[in-house]
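Q: Fold the following and give me the result.
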Amino acid sequence: MDKARVLTLFLGVVRARSFHQAAVDAGVTPQAVSKAVRTLEQELGVRLLHRTTRKLSLTTEGARLFALADPGMRQLDEALEQVRASRRESDGLIRLAAPPSVGSRVLVPLVKAFREEYPEVTFDVVLSDLFTDLVEARIDVGFRAGTSPGPNLVARRLCDLPLLICAAPDYLARHGEPKSLEELRRHQCTGFRRPVTGRLVPWEIALKGDLVYEELPAVVTFNDVEAEVEAVRAGIGIGQLAAYAVHADIKSGRLVPILPALTSNSVGLYMYYPHRSHMPVRVRRFVDFVAAASRGAEQALLHLAGVAAVAELSREKARTSP
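A: Residues are numbered from 1 along each chain as shown. Model (predicted):
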């Protein structure tokens with residue numbers, strides 16, 4: 001029995017939760033994967049997997065084997081990757097994950113700038129509003145607009161993302177501009193629903209040094225950032241939108257920031273990854289590149305200069321407002 005081969009295929013089945021997908025990932029037939037798992041079970045004298053036509057689950061022994069073997073196999077994979085990278089340090093694929101709005105506005109200019117320095121690196125970018133499990137999805141680096149991704153990941157806050165209250169000039173011409181939170185409550189507003197839970201996200205308002213959360217009635221709600229921006233741009237209602245998503249519209253006059261004193265800065269743009277150790281050289285270079293791009297004059301690489309410009313417009317309006 002080729003222990004390394006059958007163990008690798010078993011781990012692949014558990015990670016993919018599918019014999020078929022494990023076979024595709026390994027470049028073998030599903031029959032070969034099934035035979036390898038049976039061989040491993042016979043060698044160990046225990047059943048590792050419960051199989052039905054619709055579901056695959058681990059036995060107690062299978063779960064124990066996976067917990068013991070998977071970290072070592074990943075470490076072996078990373079060691080082999082490091083050896084390969086030592087010969088051509090910048091070659092290979094980097095897999096990224098981000099929400100669609102961050103992908104188009106942040107990752108595209110970053111990938112372009114990085115490849116100008118390291119043209120032998122390729123990228124696979126997965127865009128989804130759902131939070132991505134980096135290990136399960138085999139993602140090298142994730143990006144997220146919001147709060148910190150969590151304690152089990154290495155996370156770096158790249159910048160603040162002000163939440164701006166915006167309206168189209170056409171809307172303000174028809175309905176007037178609210179001058180206070182009380183007046184805002186009487187206006188037509190848009191809303192955003194979390195893609196996973198479907199729950200309406202309350203507006204985050206900075207009020208006298210504190211953050212308060214307002215559930216403003218919405219005339220239309222979305223679970224997509226770009227669609228909500230387009231609705232506000234079309235004059236359907238007033239929206240609270242991340243600065244990175246609207247800075248071009250505000251600079252061009254298509255949208256107007258209102259009530260700047262209520263702008264919240266608690267939301268950030270985060271880069272996150274599973275761990276610092278055993279990182280492929282090309283991924284480490286990309287992580288360092290992004291970190292450098294989020295500082296100083298090089299913020300333009302992230303389009304963060306636009307965010308800063310919008311924040312300054314809001315501050316200027318606050319200073320000149322009666």
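Q: quick one, phi psi at Ala97?
A: phi -130, psi 140 (degrees, to the nearest 10).
Q: which ones are touching it?
A: Taking CB atoms under 8 Å, 6 or more residues apart in numbering, we find Ala97 in contact with Val125, Val126, Leu127, Ser128, Thr132, Leu134, Ala137, Ile139, Val141, Gly142, Phe143. Placement of C-beta: from N, CA and C, glycine included.
Q: can you check Phe19 too?
A: When contacts are taken as CB under 8 Å, 6+ apart, Phe19 is in contact with Val13, Pro30, Val33, Ser34, Val37, Leu56.
Q: hang on, the earlier thing: pick out the one among the contacts of Ala97 with the largest number of neighbours.
A: Tallying neighbours with other CB atoms under 10 Å puts Gly142 at the head of those, with 25 neighbours.
Q: just curious, which of the contacts of Phe19 is nearest to Asn152?
A: For the contacts of Phe19, the residue nearest Asn152 by CB to CB is Val13; the value is 24.2 Å.
Q: Am I right that the closest one is in a helix?
A: Yes: under DSSP: H, G, I helix; E, B strand; the rest coil, Val13 falls within a helix.
Q: so what pLDDT did the closest residue to it other than its chain neighbours get?
A: In space, Val13 comes closest to Ala22 once its chain neighbours are excluded; the distance is 4.4 Å by CB to CB, 6 or more residues apart in numbering. For Ala22, the pLDDT comes out at 85.
Q: and the residue lying closest to Leu96 once chain neighbours are set aside, how far is that from Gly92?
A: Excluding its sequence neighbours, the residue lying closest to Leu96 (CB to CB, 6+ apart) is Val125, at 4.8 Å. Taking CB to CB, to the nearest Å as the measure, Val125 and Gly92 are separated by 15 Å.
Q: likewise Ala227?
A: Ala227 is 35 Å from Gly92, by CB to CB.
Q: Then Glu226?
A: 31 Å.
Q: could you check the distance from the residue positioned nearest the centre of the chain over to Lys179?
A: Taking CA atoms, centre = their mean, the centroid of the chain lies closest to Ala98, which sits 3.1 Å from it. Distance, Ala98 to Lys179, using CB to CB: 37 Å.
Q: cool, Ser104 as well?
A: Taking CB to CB, one finds Ser104 at 34 Å from Lys179.
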